[in-house]
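In: dropping the sequence and predicted coords here.
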Amino acid sequence: MEEKPTKHTQENNHLSYGSARNIVFDKYEMGRLLGQGTFAKVYHGRNLRTSESVAIKVINKDQVKKEGLMEQITREIAVMRLVRHPNIVEIKEVMATKQKIYFVMEYIKGGELFAKVAKGRLKEDAARKYFQQLVSAVDFCHSRGVWHRDLKPENLLLDENENLKVSDFGLSALPEHHRNDGLLHTQCGTPAYVAPEVLRKRGYDGEKSDIWSCGVILYVVLAGYLPFQDENLMKMYSKVFKSEFEFPPWFSYDAKRLISRLLVADPQKRITIPGIMKNPWFCKGFNRPIAFSIQEPVTETPLEQDDEAQKKELELKRSKSSPPFYNAFAFISSMSSGFDLSNLFENRTRSGTLFTSKCSASSIMSKLESLAKKTNFKMVSNKDFKVRMQGASEGRKGKLSVTAEVFEVAPEVAVVEFSKEAGDTLEYGKFCEEDVRPALKDIVWSWQGENSVPRTEM
C-alpha cells in the first residue's frame, strides 16, 4: 500500500530517507539521485498534482556563498527564465529555504549527446538535425541577450524523441556583463571548445565565441573526436589559435565547407548565425520555427526566505474591478530610493520597459488600445488590465508580440510595464523608442531612468 505524503516543515526533513517519501514544499516528491557536482545534487522528481516527471537541482546555499558563487546562481535563474525554447531545458520553478535552493526543471531522460558520440560518430543526417536544433537554440539565446559560453556535448541533452536540449547556463553572460569596450572578459568554458579570442584574454564577443563552440561540436559529432587535440595543453592552445586541424576522409564536401567557416580564428571573419542558416548543408530539411513565446511565467521564491515566508503572497492582490496593487512596503522603498521602480520588481523578471503615470488605469488602457490601432498591431487579448498585441508583419523572429500591464501602487500612481513575449529584441527596442514613447508621452509621468532608453527584454 502506498504511503500518504508526509508534510515536512523542517529543512532537514526535506531530504530525509527511509520509509517516508521525500516531499519538497508539499509539491514535489524527490526520487533517485541523477547526478551531482561540487555544490549541487540533481534528483528525479514528480509533481504531486500532475504526476509529471521533473529534475530537481538542490544547491547548498552556504557552500555557494562561501565560494562567492551566489551571484552566479542568481544569474543562472535569471537567464533560464529568459530563454524558453523547445531546444532549451525548461526551468519550471525556483524555491528556497535558509539552507537550500531548489531548481525544478524539465526532466530530460535521453542522456547527454556526449554519451551518444562516445559510442561512435554520428551519421551526417543525425548530426545535421542536432546541429540545426543547437543553432536554433543558440540564435534564440543571442536574440534575448544571452551568451552561453560553455557549449559542449556534455551540456546538450536528448529527450525521448531524440530532440536536443541545451542545458547548464551557469557560465552564461548577459549584456550588463560587458565592460566599457563592449566586450566580455571573463575567461571561462571548457578548453577544447573555447574560442581562440577567449583564450587570448583581450576581450571577446559572446555571440562569436558561441559560434566557434558550435563549430567544434559539429566536428566532434561527425568525427567522433576533437578537432584540436594534444596531451600538452599549451600545444593544444597553439592549434586553436591557428585553427589548425584536419578533416577525416568521411566528411562530405559541404560539411567541410561549413566547418571551415565556423572554425575561423579571426572572430570578425567567422560565419554568423544568419550565414549558417543560409548554408546549403545546414538548410537541408530545416524548418525554421516562426516564433517562440513565453507561455507561462516561471514562479520563484526569494532566495533568502524560509519555508513559511514562501507560502505567503507578497507581490500582488488582484480584483476584477481594479488593476493589481503592489504592496505598500515595496512602494515606500521605491520612493525612498529616488523613485527607482526596480524595487517593485525585485521578484519579477525585471525585463520590461516601465513608466509611471498619474492617469487612471482605465485611461491608460484606452491609450494602449489607441496605440495598437495606430501601429497596426492586432489586439490578441485585453482583460484584467493587461493588453497583449501582435504585429502584422513577420520579423527576424516572427511576428513581434508585446504585452502591456497596468499596476496601481497608490490611488494616484500607476506603473505600466511593457514586455516582449515573442519576436526580435532589436525590433522590440525600435518599437518602444519610435512608437511607444511618442504615442504615450501625454500620459507618462516618468520613464524608469529619466533620460534612459526603454529597457528591452533580452
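Out: Structure received. These figures come from a predicted structure and were not determined experimentally.

In: which residues of the stretch 51-200 of the chain fall in strands?
Out: For the stretch 51-200 of the chain, the strands defined by DSSP state E, counting those that start in this stretch occupy 53-60, 91-96, 100-106, 156-158, 164-166.

In: rank these by mean pLDDT and give me the bottom one.
Out: Here these differ in mean pLDDT, and the lowest is strand 91-96 at a mean of 88.

In: could you point out which of the strands of the stretch 51-200 of the chain sits nearest His185?
Out: Comparing these against His185 with C-beta to C-beta, the closest turns out to be strand 164-166 (23.5 Å). Yep, even glycine has a C-beta here, placed from its N, CA and C like the rest.

In: which neighbouring elements make contact with that closest one?
Out: helix 124-143, strand 156-158 (3 or more C-beta pairs under 8 Å, 6 or more residues apart in numbering; DSSP states H and E).

In: which residues touch His237?
Out: Just to correct that, residue 237 is Tyr rather than His. Applying C-beta atoms under 8 Å, 6 or more residues apart in numbering to Tyr237 gives the contacts 191, 199.

In: wait, which of the strands of the stretch 51-200 of the chain is closest to Gly120?
Out: Of these, nearest to Gly120 by C-beta to C-beta is strand 156-158, at 15.4 Å.

In: what does that closest one rub up against?
Out: 89, 108, 110-114, 116, 130, 134, 164-167, 217.

In: let's see that with 10 Å instead.
Out: Strand 156-158 is contacted from outside by 55, 87-89, 106-117, 130, 133-134, 137, 163-168, 217, 221, using C-beta atoms under 10 Å, 6 or more residues apart in numbering.

In: okay if I get the strands of the stretch 51-200 of the chain as TSV plus mean neighbour count?
Out: Formatted as TSV, the strands of the stretch 51-200 of the chain follow (neighbours: other C-beta atoms under 10 Å):
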stretch	mean neighbour count
strand 53-60	20
strand 91-96	21
strand 100-106	21
strand 156-158	23
strand 164-166	22
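
In: I'd like those laid out as a markdown table, including distance to Leu426.
Out: Formatted as a markdown table, these follow (distance: least, C-beta to C-beta, whole Å):
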| stretch | distance to Leu426 |
| --- | --- |
| strand 53-60 | 33 |
| strand 91-96 | 25 |
| strand 100-106 | 29 |
| strand 156-158 | 27 |
| strand 164-166 | 22 |
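
In: what's the closest of these to Ala404?
Out: strand 91-96 (25.1 Å).

In: quick one, which of the contacts of strand 156-158 are buried?
Out: Buried members of the contacts of strand 156-158, counted by 16 or more other C-beta atoms under 10 Å: 55, 87-89, 106-108, 110, 112-114, 116-117, 130, 133-134, 137, 164-168, 217, 221.

In: per-domain residue ranges of the chain.
Out: Following automatic domain parsing, the chain resolves into domains at 13-106, 113-283, 316-447.

In: can you flag the weakest of those by average pLDDT?
Out: For the domains of the chain, the bottom mean pLDDT is recorded on domain 316-447, which sits at a mean of 70.

In: circling back: between the strands of the stretch 51-200 of the chain, which gets nearest to Met379?
Out: strand 91-96 (29.7 Å).

In: output the contacting helices and strands for the closest one.
Out: On a contact count with 3 or more C-beta pairs under 10 Å, 6 or more residues apart in numbering; DSSP states H and E, strand 91-96 meets strand 28-36, strand 53-60, helix 70-82, strand 100-106, strand 299-300, helix 307-310.

In: okay if I get these as TSV plus distance to Met277?
Out: What follows is the helices and strands packed on strand 91-96, written out as TSV (distance: least, C-beta to C-beta, whole Å):
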stretch	distance to Met277
strand 28-36	33
strand 53-60	31
helix 70-82	22
strand 100-106	26
strand 299-300	34
helix 307-310	43
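
In: quick one: closest of those to Cys141.
Out: Closest of these to Cys141 is helix 70-82, at 8.3 Å (criterion: C-beta to C-beta).

In: list the buried residues in that closest one.
Out: Buried residues in helix 70-82, counted by 16+ other C-beta under 10 Å: 70, 73, 75-82.

In: a markdown table for the residues you listed, including distance to Ala192?
Out: A markdown table is the format used below for the buried residues of helix 70-82 (distance: C-beta to C-beta, whole Å):
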| residue | distance to Ala192 |
| --- | --- |
| Met70 | 29 |
| Ile73 | 26 |
| Arg75 | 24 |
| Glu76 | 23 |
| Ile77 | 28 |
| Ala78 | 28 |
| Val79 | 23 |
| Met80 | 25 |
| Arg81 | 30 |
| Leu82 | 28 |
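
In: isn't Ala40 right up against Val64?
Out: Yes. Between Ala40 and Val64 there is a contact under C-beta atoms under 10 Å: 8.6 Å.

In: what do those two both touch?
Out: Common neighbours of Ala40 and Val64 (criterion: C-beta under 10 Å, 6+ apart): 73, 101.

In: still on that earlier bit, out of the strands of the stretch 51-200 of the chain, which comes closest to Cys188?
Out: With C-beta to C-beta as the criterion, Cys188 lies closest to strand 164-166 of the strands of the stretch 51-200 of the chain, at 16.3 Å.

In: nearest residue to Ala372 other than its sequence neighbours?
Out: Nearest residue to Ala372, sequence neighbours excluded (C-beta to C-beta, 6 or more residues apart in numbering): Met389, at 4.6 Å.

In: and that neighbour, what are its bridge partners?
Out: Met379, Val402 (DSSP bridges).
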